[in-house]
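Participant: Output the structure for:
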Amino acid sequence: MTTHYLSKDNGTNGFHTHLHPELRIAPGTGEKITFETDDEAYRQMHEFKAMDKVTATINPLTGPVYVEGAQPGDVLAVTIHDINFPSKVAWSVYLPGAGALARPMGNEFYTREIGLTDMHAQLTDKVSVPIEPMIGCIGVAAADVTMSTVMPSYPTGGNMDLPDVTIGSTVYLPIEVKGALLYLGDLHAVMSRGESSFVAIEAAGEATVSIDLIKESSGSIMRLRAPRVETASEIITVGLGDPVQNSIIMAYESLFDILTTDHGLTNEDAYTIMSASAHTELGGPTGSRNPDPLHPFRAIGAVTLARIEKQYLT
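Facilitator: Next comes the predicted model:
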């Protein structure tokens, strides 16, 4: 089966609608696409210890991929087959003023080069953790805005920073433009849930995916208000909103729709099962609205995940 390779050399700084596609592909063929991603911005931060000297784009994207037959109202299913880090180097970075740890970290720029093996990331001289590779930034182009690679997250994806977007998972993205225009970037070797620091263990690498297109369907998938993630064991819905309670409600409502529409549960059964077994957590720290330009790394609104194990749906 063919695997297409998209180089990071043509990386871009946003989810644009006007760029010439790097690849045109028919969905559902099983063909795979390997996206090479870039970490030059973090390498420059490590070298210069100052944002004003960084010339590279933060979270550059590789793409877009034009999906034959994709139309607004369809849903793109992106299945992740592999993520690897050939350079064996990653970065831990503190951007002054960014993230939940800004107060104790203060105003001094901090970076650390992290060595990677095939299995572990060496965080300190004494502490290493298993690599848990993930895609931080994935999405399709929006109809009415050029989506940022940093913040916020959008109904069609973006810099969601979800550890569940990993090998074996499928990400469902609502399509707003002809051809879908799929972009991918910002790989992480490992990341704490919620990404307290606003920066994970960032690494350049390669992510290999395949794509399917979902068109007319009576299922809840055709009512996506934000991305959905499915792993081997869980279904995960994304809620976006300001204040955070709105994002919680959206995520829970989307999960409730799956239980009742796709699995035939009554409202009462779905309610009771979710009361016992559906869990929420904060997603990535990118927020759901454009940040204040004076504070570009301070999120407004929230991303919330609602999740349930598939065993409760059979």
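Participant: Could you use CA atoms for every contact and neighbour count after this?
Facilitator: OK.
Participant: which parts of the helix or strand of the chain with the lowest mean pLDDT are buried?
Facilitator: Ranked by mean pLDDT, DSSP states H and E, the weakest helix or strand in the chain is helix 102-105, scoring a mean of 93. Residues of helix 102-105 classed as buried by neighbour count (16 or more other Cα atoms under 10 Å): A102, M105.
Participant: Check which residues of whichever helix or strand comes after it are buried.
Facilitator: Sequence order places strand 110-116 as the next helix or strand after helix 102-105, per DSSP states H and E. Across strand 110-116, burial judged by 16+ other Cα under 10 Å covers T111, R112, E113, I114, G115, L116.
Participant: what's the answer for stretch 230-244, then?
Facilitator: Buried, per 16+ other Cα under 10 Å, within stretch 230-244: E230, T231, E234, I235, I236, T237, V238, G239, L240, G241, V244.
Participant: from those residues, which ones fall inside strands?
Facilitator: E230, E234, I235, I236, T237, V238, G239, L240, G241 (DSSP state E).
Participant: what sits against the closest residue to the last one other than its chain neighbours?
Facilitator: With Cα to Cα, 6 or more residues apart in numbering as the criterion, G241 has its nearest non-adjacent residue at 4.2 Å, and that residue is S247. Applying Cα atoms under 8 Å, 6 or more residues apart in numbering, one finds that S247 lies in contact with V238, G239, L240, G241, A302, V303, T304.
Participant: wouldn't E206 be in contact with D38 here?
Facilitator: No: the pair E206 / D38 is not scored as a contact, 9.2 Å apart, by Cα atoms under 8 Å.
Participant: Can you pick out the residue with more neighbours from these two?
Facilitator: Higher neighbour count among E206 and D38: D38, with 27 against 24, using other Cα atoms under 10 Å.
Participant: Would you mind giving me the confidence score for the more buried one?
Facilitator: For D38, the model assigns a pLDDT of 95.
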